[in-house]
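Undergrad: Sharing a model that was predicted from the sequence below.
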Amino acid sequence: MAVDEERIDEAVLALLWLTLHDGRRAWKGFDWAVLGRLHAKGLIADPVGRAKSVVLTDEGLRQSEALFRSLFTRPD
């Protein structure tokens, strides 16, 4: 089975929106490879460290909200 890493990255980025706190921090309880790819794309700050959360960049916040809305909400 071929895994579509781009779609996985989008789903994780959308789920980061679900756990947002303190404005732009989100719990980083996801696969390290995915978090590394999101960091390489400039969507989150470096996930390596002792903190249990990661900081989303401005673009990461924008894309995270848009993906969350498109993947996990119903039309009104």
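TA: Cool, got the structure.
Undergrad: Please make it C-alpha for all contacts and neighbour counts, starting now.
TA: OK.
Undergrad: Residue 73 and residue 42: what is the separation?
TA: For residue 73, the distance to residue 42 (C-alpha to C-alpha, to the nearest Å) stands at 25 Å.
Undergrad: Looking at those two, which is more packed in?
TA: Of the pair residue 73 and residue 42, residue 42 is the one with more neighbours under other C-alpha atoms under 10 Å, namely 15 against 9.
Undergrad: contacting residues for the more buried one?
TA: Counting by C-alpha atoms under 8 Å, 6 or more residues apart in numbering, residue 42 touches 57, 59, 60.
Undergrad: switch to 10 Å and redo it
TA: 36, 56, 57, 58, 59, 60 (C-alpha atoms under 10 Å, 6 or more residues apart in numbering).
Undergrad: measure it to residue 66 for me?
TA: Counting by C-alpha to C-alpha - residue 42 and residue 66 are separated by 16 Å.
Undergrad: same question, residue 59
TA: Distance of residue 59 to residue 66, computed by C-alpha to C-alpha: 11 Å.
Undergrad: distance of the residue lying closest to residue 27 once chain neighbours are set aside from residue 4?
TA: Nearest residue to residue 27, sequence neighbours excluded (C-alpha to C-alpha, 6 or more residues apart in numbering): residue 53, at 4.2 Å. Applying C-alpha to C-alpha, the value for residue 53 to residue 4 is 25 Å.
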